[in-house]
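Engineer: build me a structure from this.
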Amino acid sequence: MNKELKYEIIIYWSKEDDCYLAEVPELAGCMSDGNSYQEALANVEVIIEEWIEVAKELGREIPKPKGRLKYA
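Structural biologist: Purely as a prediction, here's the structure:
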C-alpha cells in the first residue's frame, strides 16, 4: 500500500456476512472483507489503491486523507 495515502480504515466483524468487513469512510463505496482481521486489512489496502486508480482514470477527485475522523 502507498504509505502516503493514510485513510482511516474501520474493521469490524459482521455476523450476517460471517466475516470481517473493512470500510474506508473517506472513499465512497471502498470496502473489503476477509476471514480474519489481518486478511480484511490486507484486502482493503489493495482495494484503496484500485479505488484511487479507477478514480484517476475517470478524472474524479481523490479526497486527501483526513486521518482519524470524529463522529458525534
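Engineer: give me the buried stretch members for the helix or strand hosting Ala55, please.
Structural biologist: For Ala55, the host element (DSSP states H and E) is helix 37-57. Within helix 37-57, the residues that count as buried by 16 or more other CB atoms under 10 Å are Ala40, Leu41, Asn43, Val44, Glu45, Ile47, Ile48, Trp51, Ile52, Ala55. C-beta coordinates here come from the backbone N, C-alpha and C atoms, glycine included.
Engineer: residue contacts, the first one?
Structural biologist: Just to be clear, that refers to Ala40. Listed by CB atoms under 8 Å, 6 or more residues apart in numbering, the contact partners of Ala40 are Ile11, Cys19, Tyr20, Leu21, Ala22, Ser32, Asp33, Gly34.
Engineer: how many residues are close by the closest residue to it other than its chain neighbours?
Structural biologist: Nearest-residue entry for Ala40: Gly34, 3.4 Å, with adjacent residues in sequence omitted and distances by CB to CB, 6 or more residues apart in numbering. If you count neighbours by other CB atoms under 10 Å, Gly34 ends up with 17.
Engineer: Gly34 and Lys64: what is the separation?
Structural biologist: Spatial separation of Gly34 from Lys64 under the definition CB to CB, to the nearest Å is 27 Å.
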